[in-house]
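K.L.:
Show me how the following folds:
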Amino acid sequence: MLSNKLFARRRFSNGNIPLVISTWDAGINANKVAWQVLRSGGRALDAVEEGVMITEAEQGCCVGLGAYPDRDGHVTLDASIMDEHGNCGGVAFLERIKHPISVARRVMEKTPHVLLVGSGAQEFAVSEGFSLEEEKLSDDSKKAYEEWLKKSHYKPVINIENTKTHNSYVPYKLNGLWNHDTIGMIAIDTKSNLSGSCTTSGMAFKRRGRVGDSPIIGAGLYVDNEVGAAVATGVGEEVIKICGTHLIVELMRANIAPEDACKKAVERIVKRNGDKIKDIQVAFLAINKKGEYGAYSVQKGFNYALCFAGDNNKLIDAKHALP
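P.N.:
Numbering: from 1, shown residues only. Reported below is the predicted structural model:
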């Protein structure tokens with residue numbers, strides 16, 4: 001039987017494999033859970049589901065039922081998940097379900113479909129044993145919504161995901177302007193298999209029915225186990241317009257490094273938006289089959305959480321296109 005030290009050397013001898021990477025500082029806590037799966041030899045798919053479930057359950061975060069509502073006062077959730085075999089599932093416009101990422105996985109594993117939405121997604125979740133939660137805004141969300149109703153003005157604020165006071169997001173203090181929040185996570189396990197997840201409440205105070213990039217495979221999330229994986233955060237409409245994560249994986253297929261692939265996708269968004277780009281934030285994360293990773297964003301201020309051998313879990317500031 002191998003000693004623990006020898007087993008660790010063999011397991012972690014292939015560069016940064018296993019590895020998990022996720023968006024924003026919320027990824028630190030999410031990575032801790034995902035890493036426990038990876039370090040014990042578990043599957044990347046389990047790691048990326050269990051990791052983001054932590055964020056979905058946090059009341060002080062803008063992901064999950066504790067998030068900010070749409071303009072009609074309802075919290076609606078989107079999520080997607082993709083495994084090493086190219087299987088994928090997603091839910092959009094889902095209400096009153098605590099863990100949309102787990103419903104997305106059930107869509108992937110138990111239906112012939114990729115995406116379920118609205119009441120149909122909710123009915124499926126209930127049929128699979130998920131509980132319908134009471135529709136009740138958290139104290140922070142209620143306060144923010146009441147403040148927003150005074151002017152009912154909407155304009156995204158860049159990097160609000162990273163603006164906290166006492167561990168609570170405070171968009172109602174930022175001149176009446178709000179944004180969205182997302183956690184995206186991608187991982188490679190000890191068998192060099194890749195998987196990814198993405199979960200969000202979407203843009204705060206959005207028009208009811210709006211769906212962004214997060215539940216859309218090839219936009220908010222994409223995995224190709226022969227090449228790599230990528231995940232997005234930011235203004236989802238811009239990610240959808242360039243099929244952002246699929247683009248990044250295809251660039252990595254051409255032997256472009258993860259950071260450079262993310263940069264090229266960002267540059268495409270910058271180019272197509274002209275002067276409007278100053279009001280837009282989009283960021284991408286990527287991992288290739290070798291366990292190499294990278295990130296890039298439109299604006300300064302995006303950071304991501306990285307965890308690999310030695311239980312090394314840290315927050316890194318991404319490079320960015322605009323000064």
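K.L.:
Could you double-check that A34 lies in contact with M53?
P.N.:
No. The criterion here is Cβ atoms under 8 Å, and A34 misses it with M53 at 9.8 Å. From N, CA and C alone the C-beta is placed, and that goes for glycine too.
K.L.:
Which one of these two is surrounded by more residues?
P.N.:
Looking at A34 and M53 with other Cβ atoms under 10 Å, you find the greater number of neighbours at A34, namely 34 against 21.
K.L.:
in the protein, which residue is closest to the centre?
P.N.:
With distances taken as Cα atoms, centre = their mean, the residue of the chain nearest its centroid is G184 (1.8 Å).
K.L.:
wait, is that residue part of a helix?
P.N.:
No. Assessed with DSSP: H, G, I helix; E, B strand; the rest coil, G184 is strand; it does not lie in a helix.
K.L.:
Please verify my assumption that it contacts G236.
P.N.:
No. At 11.3 Å, G184 does not count as touching G236 under the criterion of Cβ under 8 Å.
K.L.:
Touching both of these two, which residues are there?
P.N.:
Residues within reach of G184 and of G236 at once, by Cβ atoms under 8 Å, 6 or more residues apart in numbering, are 214, 220.
K.L.:
Low-confidence bits of this protein, can you list those?
P.N.:
Within the chain, the ranges that satisfy pLDDT under 70 run 1-15, 59-62, 152-180, 310-311.
K.L.:
could you redo the last one with a cut-off of 90?
P.N.:
Residue ranges of the chain with pLDDT under 90: 1-16, 58-68, 134-181, 203-205, 309-312.
K.L.:
Quick one: the strands in the stretch 201-323 of the chain, in order.
P.N.:
For the stretch 201-323 of the chain, applying DSSP state E, counting those that start in this stretch gives strands covering 221-224, 228-234, 282-288, 293-297, 303-308, 312-317, 319-320.
K.L.:
any idea which of those strands is most buried?
P.N.:
Across the strands of the stretch 201-323 of the chain, averaging neighbours per residue (mean count of other Cβ atoms under 10 Å) puts strand 228-234 on top, at a mean of 32.
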